[in-house]
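# Structure for this input, please:
(one chain, ligands or ions: 1)
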Amino acid sequence: MTQLENRLPWSREEFTEKLRAKGAYYHIHHPFHIAMNSGKCTKEQVQGWVANRYYYQISIPIKDANVMANCPDREVRRGWVQRILDHDGQGDSEGGIEAWIRLGEACGMTREDITSLKYVLPGVRFAVDAYVNFARKAPWQEAVCSSLTELFAPEIHQKRLDNWPQYYEWIDKEGYFYFRKRLTEARRDVEQGLQVTLDYFTTREQQERALNILQFKLDVLWTMLDAMHLAYVADMPPYFNIPQQP
Ligand SMILES: O=C(O)c1cc(C(=O)O)c2c(n1)C(=O)C(=O)c1cc(C(=O)O)[nH]c1-2
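Model (predicted):
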């Protein structure tokens with residue numbers, strides 16, 4: 001292949017394939033997630049995951065509000081606003097954040113345990129904040145692109161629905177509503193996100209940038225689980241070795 005051919009943009013199909021191939025790095029493959037999905041986590045580990053992931057849940061609509069704040073395209077905003085309503089709720093529909101609190105309660109925690117954020121690890125907070133800050137500062141199309149880990153989310157939610165009830169009988173089945181709800185929402189989100197990404201990143205250089213943005217988001221998700229693994233599996237939460245903590 002000549003150097004010029006090498007730099008030609010990928011077709012929409014090829015570009016989509018490259019984005020999908022990033023699924024190899026999805027947090028579904030993280031050891032913590034593998035353990036959780038094969039019934040090997042303790043109650044405390046599952047609770048720790050739910051409590052920490054709550055910080056991601058409450059940050060998503062803030063991230064999406066930032067995407068909208070930077071987006072002058074009314075058509076895109078008309079679609080994008082649905083994401084905020086999905087999480088915050090609207091009218092009689094309670095929304096995803098409330099559903100996540102229900103998941104926490106189904107796992108034996110109190111509402112206060114979850115909403116106080118007292119179990120959120122610094123590493124999780126930093127990773128999630130990096131995502132929100134990216135959406136705040138980047139061109140809105142780049143922020144849209146960073147949401148494309150959702151390409152891989154329906155599978156992860158479906159696996160939890162398939163596996164958790166048999167492995168974790170102590171979880172109240174009512175708690176699974178969040179995962180079910182996301183199956184359709186994530187598919188719809190991805191359609192919109194992919195459309196914007198394929199339309200905006202058109203040169204080979206831009207397409208490669210899109211892949212790096214998606215990798216950044218994969219790093220966010222993976223790093224969250226690294227922090228949880230260290231705290232709840234390796235038993236090394238921050239400052240664990242400081243003998244006399246004031
Ligand atoms: O449970 C998961 O593994 C998982 C992953 C992701 C993701 O891939 O970013 C999201 C969600 N869940 C999710 O529930 C959700 O609402 C969501 C929104 C977004 C986003 O980037 O805008 N990702 C995700």
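# and residue 201, what is it in contact with?
Applying CB atoms under 8 Å, 6 or more residues apart in numbering, one finds that residue 201 lies in contact with 15, 141, 145, 207, 209, 210. For every residue, glycine as well, the C-beta is placed using N, CA and C.
# which secondary structure elements does the helix or strand hosting the fourth one contact?
Put plainly, it is residue 207. Secondary-structure element containing residue 207, defined by DSSP states H and E: helix 204-232. Under the contact criterion of 3 or more CB pairs under 8 Å, 6 or more residues apart in numbering; DSSP states H and E, helix 204-232 touches helix 12-21, helix 31-37, helix 43-69, helix 122-137, helix 140-146.
# Neighbour-wise, which one of the contacts of residue 201 leads?
Neighbour count (other CB atoms under 10 Å) singles out residue 145 as the most crowded of those, with 27 neighbours.
# pretty sure that one is in contact with residue 216, am I right?
No. With contact defined as CB atoms under 8 Å, residue 145 does not reach residue 216; the gap is 9.6 Å.
# Compute the number of surrounding residues for the residue of the chain found nearest the ligand.
Closest contact between the chain and the ligand, by CB to the nearest ligand atom, is at residue 149 (3.3 Å). Counted with other CB under 10 Å, residues neighbouring residue 149 total 23.
# Now that residue 178 has come up, it's in contact with residue 104, right?
No. Residue 178 is beyond contact range of residue 104, at 10.0 Å (criterion: CB under 8 Å).
# what about the protein, any weak spots by pLDDT?
Per-residue confidence for the chain (pLDDT under 70) gives these ranges: 1-5.
# Pick out the residue nearest the middle of it.
What sits nearest the mean C-alpha location of the chain, by CA atoms, centre = their mean, is residue 221, with 6.2 Å.
# what's near enough to touch that one?
Residues counted as contacts of residue 221 (CB under 8 Å, 6+ apart) are 26, 27, 127, 149.
# farthest pair in these?
Across these, the longest distance by CB to CB is 14.9 Å; it joins 26 and 127.
# who has more neighbours, the two?
residue 127 (21 against 18).
# what about the more buried one, distance to residue 39?
With the distance defined as CB to CB, to the nearest Å, residue 127 ends up 26 Å from residue 39.
# that older thread, identify the residue spatially nearest to the residue of the chain closest to the ligand, adjacent ones excluded.
The shortest distance from residue 149 to any non-neighbouring residue, by CB to CB, 6 or more residues apart in numbering, is to residue 217 (5.0 Å).
# How about residue 179?
residue 157 (4.3 Å).
# Could you report the neighbour count for that neighbour?
18.
# Can you name the residues that contact it?
Contacts of residue 157 (CB under 8 Å, 6+ apart): 179, 180, 182, 183, 186.
# give me phi/psi at residue 240?
phi -60, psi -30 (degrees, to the nearest 10).
# Next: the one 4 residues further on.
Note on residue 244: its backbone torsions stand at phi -110, psi 90 [degrees, to the nearest 10].
# Return the distance of it relative to residue 235.
Distance, residue 244 to residue 235, by CB to CB: 19 Å.
# Neighbour count: these two, which is higher?
residue 235 (8 against 4).
# and residue 103, what element?
Mapping residue 103 onto the secondary structure by DSSP H and E places it in helix 96-106.
# If you count contacts, what does that helix end up packed against?
helix 43-69, helix 74-88, helix 111-115, helix 177-200.
# who touches that helix?
47, 50-51, 53-54, 57-58, 60-61, 86-89, 111, 113-115, 171-178, 181-182, 185.
# Give the buried residues for it.
Applying a neighbour-count criterion of 16 or more other CB atoms under 10 Å, one finds 96, 97, 98, 99, 100, 101, 102, 103, 104, 105, 106 buried in helix 96-106.
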